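Q: Compute the structure for the input listed below.
(3 chains)
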Amino acid sequence: MRNILYIIEKEFKHILRNRSILPAIFVAPMIQLIIMPLAADYEIKNINLAIVSGHYSSETQHLIQKITCSGFFKLVKETSSFEEGKELIEKDQADLVLQIPNDLEENLVKEKKGKVLIFVNAINGTKANIGATYLSSILKTYNLEFIQKEFGLTNPVDLRYSNWYNKFMNYPFFIVPGVLVTLVTMIGAYMCALNIVKEKELGTIEQINVTPIKKHEFILGKLIPFWIIGFFVFSVGFFFIGMGIYGIRPLGSILLLYLFLAVFLVAVLGLGLLISTYSQTQQQAMSVAFFFMMIFMLMSGLFTPIESMPNWAITMAKFNPVTYFIEVMRMVVLKGSGFADISGHLLKMLGFAIFFNSWAVWNYRKTV
Amino acid sequence: MQTVIHTENLCKAFGDFKAAYNISFEVYKGEIFGFLGANGAGKTTAMKMLCGLSIPSSGKATVAGFDVWTQTEEIKRNIGYMSQKFSLYEDLTVLENLKFFGGIYGMSRAEIKEKSQQLVHELGISQFANRLVKSIPLGWKQKLAFSVAIFHNPAIVFLDEPTGGVDPITRRQFWDLIYQAAARGITVFVTTHYMDEAEYCDRISMMVDGEIKALDTPENLKKQFGVETMDEVFYELARKAQRKGD
Amino acid sequence: MKQFFAFIKKEFLHVIRDSKTLLMLFGLPIVQIALFGFALSNEVKEVNLVVCNLSNETKATELIQKFDASGNFKVVQVIHDPNALDQWFKNGNIKMCLVIPAQFEKNAVRERKIDVQLIADSSDPNLATTLVNYGNQIVFDFQMKWFGQSTLPGINPEVHMMYNPSLKGTTNFVPGVISLIMMLICVLMTSVSIVKEKELGTMEVLLVSPFHPFFIIIAKAIPYFVLSLFNLSIIVFLSINLLDMPMEGSILLLFAESGLLILVCLSLGLLISNTTNSQQAAMLISLLGMLIPTLIFTGFLFPIENMPKPLQIISNIMPSKWYYIIVKDIMIKGLGIKYFWKETLILMGMAIFLLALSLKKFKIRL
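A: As a prediction, this is how the structure comes out:
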């Protein structure tokens, strides 16, 4: 036990003395945590819209006004030439082109029906989809008014909907906890993997190997400092940035989050350890770690919902520890889920922790 | 004389390759034992087995009375080790290195403190005591690495080419430290390529192609081969080697 | 010249001998293409839905079936106690709930209007918005059929998706993946491999060789240049053949522009390696300073025009942002250089600036 304390002390000296790495561990993640949610806001405003219409009637004017008043669209151009509209899309100046045929009003009066055309620049699939959906739903409200006016009906659909857990649909509330998890993961796994490989590369590990330090003592001595750093980074990110800057008020127990974090960090550090046991150089450890981090991040449901994945990918996501922590963060912070709700997740995380660490210890051979 | 290292037909094979073959010798307490051989002759392999870093393929050996097959942990507690890379932590200070290595060998904080002060005083390096290791001169680093290796008062210290890259004066000073350690009863097991250093040893073994081909005092070896210097002894033996160095 | 090739050969051997790193470098683009191409999407399908049915009339059952058959939702359970809902959400298993009130059918017939409630888990606001929209549509259609309106009066939009009719993410991310991989190989790997020689002390040996140090650095960069081009070919090949990514423009132009990006990235890698002394530092600077900003600011994950103004301005210094525009123009729209000469010039400017800066730093170091 005393040996471990000496190793921990040494590790902290290594870390705190390294002027170029220290800011990378503490400052850079915080900057990212601040910037990422701002950058990642999918809520799409300012969709550039061009309208092609040759014939201005009161009905079309009314429609155009409804669209521009919605706040989602920025009218970049009104033109009578379809060619010009198409060119605007080509030059990326317009995301959507709404073409209103000349006979729209006539058809509405005669047949109570009309047609408009929407051309979408669909290279950015998400944006295109959302833009077209917005425009369609504006048309829908227009239609409802039209039906009421023409047929004298009262509003035919009474669909109420409510948004639970994030009433104001605040995107950072959703994304900040997730980003924080990925940052803690990266720092933990990376630093841990590199640290051990560095001793291999410089040859100091040989010196350690002839001392009476036991396998588990050495490994624990390496893990604990990063475990503490993980807690520190998480706390700063959570309290200062999450709660302080973005005003997130966790509904559930923070203690529960820390309990999960404790287990999660053991799992992630175990992964780092595992990578280090298979690498001879820092460059190797780095590229292997990056490879897995990238997959973990993309498959974690951070940006795209896991539900949208095909079955094989959903199965893959189940073997990704990051997925579980992101889920737990969102459940506890936004929904106030309790211990019973996340106990399944916790159990799985324990499994990951045991699995990674025993594999790593098994593979870490003290005898060369 | 008390035997501290005893080996009998010790072998280490990697597949078909016999890195060390039928090694048998004894080293006595307080002795400076030179372990010579060309590159690739199997010195490092043999030394790793004695340090408990690698398990032999066959044969017997005890180090400080402990068996290399079953008691590697006990061996580690009773030996010191200094590699050619003199593995101190460059971003720790001299005192911090002493504290760390003393600590992991189970010395108490008070003991570490007292012995560190004493050591710094003896070596006359008080000006370096609180400097990072990477900033002190190479010669001092090596002396320091040696002091770290014997800081916990081991029965045996293994030195793997400890004096690479330093000037003859520094090397001489380094050997003074070795003599001091030996005088305190610490057995010194040293590999080297410098034949003047070989002359400083009490006894020498020569490894060729994984086997020990000669073992005696420098004087007797020179007589045996009918030559004037250790250099010539080395050439006589190494010439017959089949393996190429690395 | 012969010496120069000897150097390059040595560097190639370094790269090729490290099979683990090499495997990762080639594996990464393939895995990324597979993930982006087949696994990741914002498309909503079969989202878990719980129905809280307080009505038990036939029309209610019909509506539930409509939801289940829509493809957007999967009804996992029909419950009758609204108080249990919170627990369903808290377990994290469902994203939306449809509440059908008591006497739903009777009231609908009497008042000629449907009264149901949708509750969305809006911890993910975008998903919630989309789900409510889908639900809305289903209820709307259901009611129109019920009350005998086959076609809707009013304006019907006809939507044309240009360039990417199936709304696949492919077109968007392939250019993004290319820039990301370039950053990884050129900036990260180059800077780390140079700093490694510094750290291990072998750099000094190279610097005292009769060769101009600048060429030594160039020799270190060349294998990564070749590796990047090779990787680029893999990505382009896979995305065209496997993901049906269009290739409307000139492949030659694409490779020329990519070469330009690689040059910018290599210069950056050199700059980083000339200003740091440890591999860990070089790695962290490349990773946090370049790779992650590339992920954020290129525009392939998050649309840049949605970002706050200061971030939009920051995004301009990312080489990948300009490259991304160019690749989209070439591959998808089939446009020629006259449409993106500005972007090309910006990349060139960046390359010259960074190269000059790293050369200057390099001289100081000697």
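
Q: any chance you could map the helices in chain A?
A: Taking DSSP state H, the helices of chain A run over residues A:2-17, A:22-39, A:58-69, A:82-90, A:104-111, A:125-151, A:171-202, A:204-209, A:215-235, A:254-278, A:282-298, A:311-318, A:321-330, A:339-363.

Q: between the longest one and helix A:321-330, what angle do the directions make?
A: Helix A:171-202 and helix A:321-330 are oriented at 140 degrees to each other (axes from the mean of the first three to the mean of the last three C-alpha atoms, to 10 degrees).

Q: Buried residues in helix A:171-202, which are they?
A: Residues of helix A:171-202 classed as buried: A:171-202 (neighbour count, 16 or more other C-beta atoms under 10 Å in any protein chain shown). For every residue, glycine as well, the C-beta is placed using N, CA and C.

Q: Relative to the whole chain's centre, how far out is it?
A: 15 Å (C-alpha atoms, centre = their mean, to the nearest Å).

Q: what's the answer for stretch B:122-140, then?
A: Taking C-alpha atoms, centre = their mean, one finds stretch B:122-140 lying 22 Å from the centre of the chain it belongs to.

Q: per-residue confidence averaged over that stretch?
A: For stretch B:122-140, the mean per-residue pLDDT is 86.

Q: quick check, B:Ile178 in a helix?
A: Yes: membership of B:Ile178 in a helix is supported by DSSP: H, G, I helix; E, B strand; the rest coil.

Q: Leaving out chain neighbours, which residue sits closest to it?
A: In this structure, B:Ile178 finds its nearest non-sequential neighbour in B:Val188, 5.5 Å apart by C-beta to C-beta, 6 or more residues apart in numbering or on different chains.

Q: List the residues that contact the one you found.
A: B:Val188 makes contacts with B:Glu31, B:Ile32, B:Phe33, B:Ile156, B:Val157, B:Leu159, B:Ile178, B:Ala181, B:Ala182, as judged by C-beta atoms under 8 Å, 6 or more residues apart in numbering or on different chains.

Q: Look up which helix or strand it falls in, please.
A: If you go by DSSP states H and E, B:Val188 is part of strand B:187-191.

Q: Past that strand, which element shows up next along the chain?
A: Per DSSP H and E, the first helix or strand lying C-terminal to strand B:187-191 is helix B:195-200.

Q: how far does the following helix or strand past that next one sit from the chain's center?
A: Using DSSP H and E, the helix or strand that follows helix B:195-200 towards the C-terminus is strand B:203-208. Taking C-alpha atoms, centre = their mean, one finds strand B:203-208 lying 14 Å from the centre of the chain it belongs to.

Q: Next: stretch A:272-282.
A: Remark: stretch A:272-282 is offset 27 Å from the chain centroid, using C-alpha atoms, centre = their mean.

Q: Return only those of the buried residues of helix A:171-202 found close to chain C.
A: Applying C-beta under 8 Å from any C-beta of the partner chain, the subset of the buried residues of helix A:171-202 adjacent to chain C comprises A:Tyr171, A:Phe173, A:Phe174, A:Leu194, A:Lys198, A:Glu201.

Q: give me every residue that touches the residue nearest to the fifth one when sequence neighbours are not counted.
A: When the adjacent residues along the chain are set aside, A:Lys198 lies closest to A:Gln282, with 5.9 Å between them (C-beta to C-beta, 6+ apart). The neighbours of A:Gln282, taking C-beta under 8 Å, 6+ apart as the test, are A:Leu194, A:Val197, A:Lys198, A:Glu201, C:Val192, C:Lys196, C:Gln279, C:Gln280, C:Met283.

Q: if you set the cut-off to 10 Å instead, what comes out?
A: By C-beta atoms under 10 Å, 6 or more residues apart in numbering or on different chains, the contact set of A:Gln282 is A:193-198, A:200-202, A:276, C:192, C:195-196, C:199, C:278-280, C:282-283.
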